[in-house]
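Colleague: whatever this is, show me its structure:
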Amino acid sequence: MKKFAIVLSGCGVYDGAEIHETVATMIALRKNGAEYQCFAPNRPQHHVINHLTGAEVGEGRNILEESARLARGNVKEITEYNPEHYDGLIFPGGFGVAKNLCNFAFKGADCEVFPDVVKAIQDTVAAKKPIGAECIAPAMMAALLDGATVTIGNDKGTADAIRQMGGHHVETKHDGVVYDPKYNLYTAPCYMLGTDILEIYESAEALVKAMVK
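Modeller: Have a look, this model is predicted:
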């Protein structure tokens, strides 16, 4: 049975991994005959957001510990990830990608991807294993992978930033998947375009099906 690694960035759309996208990805993998293992960085997240009010909270949380909420405790440090043991690597979206895995939320086209995430992605590319990126995660791929072709749906501001970083953006519908053969990279828009949880599942499953195939 194929097994995929899922990289989480916390728990909750505004400061971590997007919960619907993550769970949709997990279900899609199992539905399509694959298993998964979750990973996350073991360091402080950028900040904490009250998801009821949208306000920043003056406290600190750990990305790995927050990701454990979403993974039901079954999560490993990203430094333990070895692409030789998996059939692919998937990044669900959420602001945590743009705040905790890179700083796209704050620096836009001038963003940097953080070293532990860089290593996971570059090792996967070197191993010629597929990478999947959902929602805002394709922007992170464009920041790291020179000339990568990705989609985030049709959001003009993000698409422009992707182009400024040297990437190529392709518009898609909510269930569209864009493939870049140079990096074996699959991207799908999820909540960057979809608004209904069923559309999010359809987007995540389209990406998973393409990767499993």
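
Colleague: nearest residue to the spatially most central residue of the chain other than its sequence neighbours?
Modeller: In the chain, the residue lying closest to the centroid (CA atoms, centre = their mean) is Phe91, at 2.5 Å. Spatially, and ignoring its direct neighbours in sequence, Phe91 is nearest to Ala137 (4.0 Å; CB to CB, 6 or more residues apart in numbering). Heads up, the C-betas are built off the backbone N, CA and C, glycines and all.

Colleague: repeat that for Ala120.
Modeller: Using CB to CB, 6+ apart, the nearest residue to Ala120 is Tyr81, at 5.2 Å.

Colleague: burial count for the one you found?
Modeller: Residues within reach of Tyr81, counting by other CB atoms under 10 Å, total 20.

Colleague: how about it, phi and psi?
Modeller: phi -70, psi 130 (degrees, to the nearest 10).

Colleague: which residues are contacting whichever helix in the chain runs longest?
Modeller: Assignment by DSSP state H gives helix 197-212 as the longest helix of the chain. For helix 197-212, the external contacting residues (CB atoms under 8 Å, 6 or more residues apart in numbering) are 2, 4, 20-21, 24-25, 27-29, 31-34, 87-88, 90, 92, 130, 132, 134, 174-177, 179, 186-191, 193-194.

Colleague: can you rerun that using 6 Å?
Modeller: Helix 197-212 has contacts (CB atoms under 6 Å, 6 or more residues apart in numbering) with 20-21, 24-25, 28-29, 32, 34, 88, 130, 132, 174-175, 177, 186, 188, 190, 194.

Colleague: pull out the buried residues from it.
Modeller: Buried residues in helix 197-212, defined by neighbour count with 16 or more other CB atoms under 10 Å: 199-208, 211-212.
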